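Novice: Here's my sequence, what's the structure:
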Amino acid sequence: MTDRDSRQVGSGGSRRAVPRCGHGSDPAQIPGLGPTAPARDRTTVWRDVGDVSFEGIRPTSLRQPGTGPGMRAMLGLPIPEPPGAADSAGIRCVVTPVDRDGRLADRSALRFMGWAAGHPVELAIEPGPNGSIVVARTGRTVRINPRGHLRLSLTVRRACRIAAKDRVLLFANPRRDELLVVPMAAVHDMVVRYRQLDDSRASR
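Specialist: All right, here's what the predicted structure looks like:
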């Protein structure tokens, strides 16, 4: 043990340095450490935790539950199905902008309908209490353009008050073979009317 180690052990402070013991060193004879258990083997070398060797210890293999031999796959929790989910399974709603030429940017609703490029479509305007909407069905009036977009004519856009860069709600229903194009003004009016009806019911 060096002089520096002796000063740290016998200085009486709260900090003590424990020397590393080599061959011929007995921890029980170190001043200031008090009585310790006698060493069984004089050749044992005391090491810090970082120097401890884990040779011979095999780590336990990690295994996913239900993947081992004889293990059944674990089933997930049942997910409740909301009312009307079966009816809405064949419907897709998309919000998409309209460019200055009347083309609908989104094509996923058309693919959902099964309308590829060149498919003939007929556009009809249906007025309602919340504004006019466009109903597209298989027909002979217009065709899906080569890039797979549906174009609304200027007459249709003016009748439904759809301007360039406006967003519309697409409501695709393959079972009825129709694609509804609902302007945002009509969506806003429908929401307002629905909330007014709900408030009137709550006040009763």
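
Novice: Residue 145: what secondary structure?
Specialist: Three-state call for residue 145 (DSSP: H, G, I helix; E, B strand; the rest coil): coil.

Novice: Look at the closest residue to it other than its chain neighbours and say how many residues are nearby.
Specialist: Distances taken as CB to CB, 6 or more residues apart in numbering put residue 151 closest to residue 145, at 6.2 Å, once the chain neighbours are dropped. (Each C-beta comes from the backbone N, C-alpha and C, glycine too.) Residues near residue 151, counting by other CB atoms under 10 Å, number 18.

Novice: again with residue 171
Specialist: Residue crowding around residue 171 was assessed by other CB under 10 Å; the count is 17.

Novice: Which secondary structure state is assigned to the nearest residue to residue 159 once chain neighbours are set aside?
Specialist: Nearest non-adjacent residue to residue 159, counting by CB to CB, 6+ apart: residue 125, 5.0 Å away. What three-state DSSP gives for residue 125 is strand.

Novice: about what we covered before: what sits against the residue nearest to residue 145?
Specialist: If a contact means CB atoms under 8 Å, 6 or more residues apart in numbering, then residue 151 has 101, 102, 103, 104, 142, 145 as its contacts.

Novice: The second one touches residue 154, doesn't it?
Specialist: Okay, so that is residue 102. Yes: the criterion here is CB atoms under 8 Å, and residue 102 meets it with residue 154 at 6.7 Å.

Novice: out of the two, which sits in the busier spot?
Specialist: Taking other CB under 10 Å, residue 102 and residue 154 do not tie; residue 102 has more neighbours (17 against 10).

Novice: circling back to that earlier point, out of the contacts of residue 151, who's nearest residue 173?
Specialist: Comparing the contacts of residue 151 against residue 173 with CB to CB places residue 104 closest, at 16.1 Å.

Novice: distance of the residue nearest to residue 145 from residue 105?
Specialist: According to CB to CB, to the nearest Å, residue 151 and residue 105 sit 11 Å apart.

Novice: next one: residue 137
Specialist: Residue 137 is 21 Å from residue 105, where distance means CB to CB.

Novice: In terms of neighbours, single out the busier of those two.
Specialist: Neighbour count, other CB under 10 Å: between residue 137 and residue 105, residue 137 has more, with 15 against 12.

Novice: before we move on, what SS does that one have?
Specialist: strand.

Novice: likewise residue 194?
Specialist: The three-state assignment at residue 194 reads helix, by three-state DSSP.

Novice: so residue 149 is in which element?
Specialist: Of the helices and strands defined by DSSP states H and E, none includes residue 149.
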